[in-house]
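>>> no sequence for this one, just the structure:
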């Protein structure tokens, strides 16, 4: 119909709590403060933040909260029912060795944790979703990663695309999210950020806000 505009985008955002070797996870700060930060700046047109959730840094231990959050996210209709809605899940995780931001293109169906997660689980070469096949199986985001990286670089951020989200909790959660998103007709994206000692908190908040702008601009 002529009254329908571009899709209204609802973004649900997650970060993680502390874990071994990272006493203060920057993604907990980013996600906890994101709603207020972007509301002060002004949200991009057509974007709504549906939820901001902090997950335990655990594989299987994070799934109840992850799925509860994803299920609750689809039960709330967008306020303007005349417009189609696109739901996007954005997961932030920290790469403590990184010096730049990374947009992750895919997740691998392999759980091989280099150390035990916060619930004491340390799987080795286990398929995350056994019915998907072996540990070499991958799932790729339907978001336009290269276009988003270009957009964010033009904003002045040091950012790259990545084909390897590791095999730890970040990859584990991303794989589950990509599978769920595919089933529900949503989109899912994982973003790795450095520690605040590498890129300061204000710059990282600006990056998160610009990422939302990228999602609003790039379909």
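Noted; the coordinates are in hand. These numbers were taken from a predicted model, which means no experiment stands behind them.

>>> and the gap between the spatially most central residue of the chain and residue 120?
Central residue of the chain (Cα atoms, centre = their mean): residue 91, 1.6 Å from the mean position. Per Cβ to Cβ, to the nearest Å, residue 91 is found 22 Å from residue 120. From N, CA and C alone the C-beta is placed, and that goes for glycine too.

>>> Equivalent analysis for residue 196, please.
Relative to residue 120, and taking Cβ to Cβ, residue 196 is found at 27 Å.

>>> The two - which one has more neighbours?
residue 196 (17 against 8; other Cβ atoms under 10 Å).

>>> Determine the three-state secondary structure at the more buried one.
coil (DSSP: H, G, I helix; E, B strand; the rest coil).

>>> Just to check, it is in contact with residue 204?
Yes - using Cβ atoms under 8 Å as the test, residue 196 is close enough to residue 204 to be in contact (6.9 Å).

>>> overlap in contacts of these two?
Shared contacts of residue 196 and residue 204 (Cβ atoms under 8 Å, 6 or more residues apart in numbering): residue 26.

>>> Averaged pLDDT, the host helix or strand of residue 72. What do you get?
Using DSSP states H and E, residue 72 sits within helix 63-74. For helix 63-74, mean pLDDT is 87.

>>> do stretch 108-127 as well
95.

>>> now what about that stretch, what contacts it?
With contact meaning Cβ under 8 Å, 6+ apart, stretch 108-127 is reached by 17-21, 56-61, 128-129, 132-139, 164-165, 167-169, 171-172, 175.

>>> what does stretch 147-162 give?
So stretch 147-162 is contacted by 99-105, 145-146, 192, 199, 203, 207, 210-211, 213-215, 217-218 (Cβ under 8 Å, 6+ apart).

>>> Among these, which lie within helices?
Taking DSSP state H, the ones among the contacts of stretch 147-162 that sit in helices are 145, 146, 203, 207, 210, 211, 213, 214, 215, 217.

>>> which pair in these spans the largest distance?
The distance between the two most remote of the ones in helices among the contacts of stretch 147-162 (Cβ to Cβ) is 22.3 Å, for 146 and 203.
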